[in-house]
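Asks: Build me a structure from this.
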Amino acid sequence: MNYRKYKEALEKIGLKQLDVYRYKDKDVLRVQRVQDGKVFLIDLPRHRNEMSLEEYINFIKSKLSQIK
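Replies: Residues are numbered from 1 along each chain as shown. Model prediction:
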């Protein structure tokens, strides 16, 4: 499975992927915002590879806007 595209997509929106915790039904990302070094845990609704790249980015942006 090629997950590089998901990691690169995060970098385009100013995030650095630190870890990915893979569970039976979902992935949990640990990312760092490059701008200020703040670290976030983001629970995805399912595995990354089951989401389109656009859906993945929109979900992450939505989660981050709720955290701020």
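
Asks: Quick one: list the elements packing against the helix or strand harbouring residue 58.
Replies: Element membership for residue 58 (DSSP states H and E) is helix 53-67. Where contact means 3 or more CB pairs under 8 Å, 6 or more residues apart in numbering; DSSP states H and E, helix 53-67 is packed against helix 4-12, strand 27-33, strand 39-43. Where C-beta positions appear, they are placed from N, C-alpha and C, glycine not excepted.

Asks: Doesn't residue 25 lie inside a helix?
Replies: No. Using DSSP: H, G, I helix; E, B strand; the rest coil, the assignment for residue 25 is coil, not a helix.

Asks: Look up how far residue 37 lies from it.
Replies: Counting by CB to CB, to the nearest Å, the separation of residue 25 from residue 37 is 31 Å.

Asks: Next up, phi/psi of the closest residue to residue 14 other than its chain neighbours, please.
Replies: In space, and not counting its chain neighbours, residue 14 is closest to residue 34: 5.0 Å by CB to CB, 6 or more residues apart in numbering. Main-chain dihedrals, residue 34, degrees, to the nearest 10: phi -60, psi -40.

Asks: Around residue 34, how many other residues sit close by?
Replies: 13 (other CB atoms under 10 Å).

Asks: quick check: mean pLDDT across stretch 57-64?
Replies: Average pLDDT, stretch 57-64: 95.

Asks: Name the residues that touch it?
Replies: Outside of stretch 57-64, the residues within contact range by CB atoms under 8 Å, 6 or more residues apart in numbering are 9-10, 13, 15, 29, 31, 33, 40, 42-45, 51.
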